[in-house]
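A.B. asks: Structure for the following, please:
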Amino acid sequence: MDGRRITASPRPCTGRRVVAKKRRRGGIDGFVNSVKKLQRREISTKRDRAFSMCDAQERFRNIRLQEEYDTHDPKGYSPSSLPFLKKRSKIIEIVAARDIVFALAQSGVCAAFSRETNQRICFLNVSHDEVIRSLFYNKNNDSLITVSVYASDNFSSLKCRTTRIEYIRRGKPDAGFALFESESLKWPGFVEFDDVNGKVLTYSAQDSIYKVFDLKNYTMLYCISDKNVQEIKISPGIMLLILTKTHSGVPLKILSIEDGSVLKSFSHLLHKTKKVDFIEQFNEKLLVKQENENLQILDVRNSELTEVSSTEFMTPSAFIFLYENQLFLTFRNGTVAVWNFRGERVTSFDDHLLWHPDCNTNNIYITSDQDLIISYCKSDTDESLSDGNAGSINISNILTGKCLAKIKASNSLLADECWCSANCGGRNCNSRKRVEASRIKSTVAEALEDITALFYDEDRNEIYTGNRLGLIHVWSN
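C.D. replies: I've put the predicted structure just below:
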């Protein structure tokens, strides 16, 4: 679910806006291409919903703790490394690609682990003063992009680097090359990776210039130089430019993401004295919310306006747009809701109270079919009595809200139990799995405590979690 913006600040970014992945769509005609929608409906390979739910339940049945990795290795750092890089710190981001798990700690250390050998391959910090802020897997060229700040630069500028996954697999993280070297990405500058459109957006605050690059080859496509631009929102095929407010409202422009041409210019009326909570764009729909006011959903094609009562729709801490299903998720006070663009709440979740009330989207994964949400959640009252401080990993259906599977301390196999076919109970067992399990120092309950990052590898059907101790746990069946 990419569409990740990293701002130029030495503090790690928690990323407020996250966009779910989608299959690449073609051109845009009046913002929605109805012909392509009908074609996709006719040739759709999506499975029946009931079958999909059964399949999901089977996929996550008997999932158990299989492996543990540690990002902290005091002996693995250069003596000249920054002192805080040598300290144990929590995991803030996990990315997996090609049987490699990448784990980024809040300290700025990033480690790569092989799922084939279950060994650490290397650290991705190629300089002793490099603090990695964020990761992005670029599937267009099978590479990992790291976004870093450096002590030599007083941690003031973002620097991007791309490294082929194959080089990392060989333990050569320094074989990559720098990106966007011509850009001055100092605060409040940023870089945003848009996996939906295959673009990169940069903002150089120094000269107030936005630039759009091709994610395939990093060629600059065009730039936007307008000091009145206050914010840019990216949607499939288009960009929304939010300009400086006037006495009558907020001027808006919709641009083609491919060449920057203006598709539509208009102004949206606002209450002059009310703070703007958010302005978001989803295809032809514009979502506007001001403090203590109704949510407004404007169809920019025909100016049709839908309003949702402020008591029914309260400002969320984060959005996730589901392009395949024409829905969006909102997160508020630990709860998740699904809405359509008629302003109707279509799903409430049975058992999906997020552990972190202020939504951290690194603790949430949306599958590529956009039918499942996997999150770190609070155990219910009865479970918390038996599971102690452990939370649970909940897998829920987005369209129905039903919890399909749950990994919790009381129903998941303990790390030190035997899994051999002889069912020996662990006594004198020499099975390979028994040897592997002996490497896991955490109990299942401990592994489910203080989870700070989560990732689901759809190819391997494995969930990876990271915690405040800098440990990575692998959950698989």
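
A.B. asks: Pull the number of nearby residues for F193.
C.D. replies: 23 (other Cβ atoms under 10 Å). Any C-beta I mention is one placed from the backbone N, CA and C, and that applies to glycine too.

A.B. asks: Verify the contact between A447 and I472 for me.
C.D. replies: No. Using Cβ atoms under 8 Å, A447 is not in contact with I472; the gap is 9.8 Å.

A.B. asks: Kindly point out which residues are neighbours of both of the two.
C.D. replies: Counting by Cβ atoms under 8 Å, 6 or more residues apart in numbering, the shared contacts of A447 and I472 are E68, T465.

A.B. asks: who's in contact with the nearest residue to T244 once chain neighbours are set aside?
C.D. replies: Distance criterion Cβ to Cβ, 6 or more residues apart in numbering; nearest residue to T244, sequence neighbours excluded, is N228 at 4.7 Å. Listed by Cβ under 8 Å, 6+ apart, the contact partners of N228 are L243, T244, P251.

A.B. asks: In terms of pLDDT, where does N228 sit?
C.D. replies: pLDDT recorded at N228 is 94.

A.B. asks: Phi and psi next, for it.
C.D. replies: phi -80, psi -10 (degrees, to the nearest 10).

A.B. asks: one step back: got the contacts of N228 as JSON lines, with secondary structure, neighbour count and pLDDT columns?
C.D. replies: Listed next are the contacts of N228 as JSON lines, based on DSSP: H, G, I helix; E, B strand; the rest coil; neighbours: other Cβ atoms under 10 Å; pLDDT from 0 to 100:
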{"residue": "L243", "secondary structure": "strand", "neighbour count": "17", "pLDDT": "96"}
{"residue": "T244", "secondary structure": "coil", "neighbour count": "11", "pLDDT": "94"}
{"residue": "P251", "secondary structure": "strand", "neighbour count": "18", "pLDDT": "95"}
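
A.B. asks: Return the member of the residues you listed nearest to R169.
C.D. replies: Proximity of the contacts of N228 to R169 (Cβ to Cβ) peaks at L243, which lies at 45.9 Å.

A.B. asks: how about the nearest residue to that closest one, chain neighbours excluded?
C.D. replies: L243 sits nearest to P251 (Cβ to Cβ, 6+ apart), 4.1 Å away.

A.B. asks: Beta-bridge partners for the one you found, please?
C.D. replies: S267 (DSSP bridges).

A.B. asks: who's in contact with it?
C.D. replies: N228, L243, T244, S265, F266, S267.

A.B. asks: so how far is K264 from it?
C.D. replies: P251 sits 12 Å away from K264, going by Cβ to Cβ, to the nearest Å.

A.B. asks: swap in T443?
C.D. replies: 57 Å.

A.B. asks: so where is the chain shaky, pLDDT-wise?
C.D. replies: Low-confidence segments of the chain (pLDDT under 70): 1-53, 76-81, 358-360, 381-388, 412-438.

A.B. asks: rerun that using 50 as the cut-off
C.D. replies: Applying pLDDT under 50 to the chain flags the ranges 1-2, 9-46, 385, 414-416, 419, 421-428, 430-435, 437.

A.B. asks: now the helices for it?
C.D. replies: Here the chain has its helices, by DSSP state H, at 34-43, 49-59, 165-169, 381-387, 432-437, 444-447.

A.B. asks: Just the closest of the contacts of N228 to I366, please.
C.D. replies: L243 (31.2 Å).

A.B. asks: which residues does that closest one contact?
C.D. replies: L243 touches D226, N228, V229, Q230, V250, P251, L252, K253, counting by Cβ under 8 Å, 6+ apart.

A.B. asks: Distance check, it against I257.
C.D. replies: Taken as Cβ to Cβ, the span from L243 to I257 is 18 Å.

A.B. asks: sorry, back to before: pipe the contacts of N228 into JSON lines and attach distance to L322 per row.
C.D. replies: Formatted as JSON lines, the contacts of N228 follow (distance: Cβ to Cβ, whole Å):
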{"residue": "L243", "distance to L322": "28"}
{"residue": "T244", "distance to L322": "31"}
{"residue": "P251", "distance to L322": "29"}
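
A.B. asks: Which single one of the residues you listed is nearest to F278?
C.D. replies: Among the contacts of N228, and counting by Cβ to Cβ, the member closest to F278 is L243, at 15.9 Å.

A.B. asks: The stretch 251-400 of the chain: strands as residue ranges?
C.D. replies: 262-268, 276-282, 285-290, 295-299, 304-308, 318-322, 327-332, 335-339, 345-348, 364-366, 372-377, 392-397 (DSSP state E, counting those that start in this stretch).

A.B. asks: which one of the contacts of N228 is nearest F60?
C.D. replies: For those, the nearest to F60 is L243 (46.3 Å; Cβ to Cβ).

A.B. asks: out of the strands of the stretch 251-400 of the chain, nearest to S127?
C.D. replies: Closest among the strands of the stretch 251-400 of the chain, once you apply Cβ to Cβ, is strand 364-366, at 30.8 Å.

A.B. asks: ok now the closest one, how far from the chain's centre?
C.D. replies: 7 Å (Cα atoms, centre = their mean, to the nearest Å).
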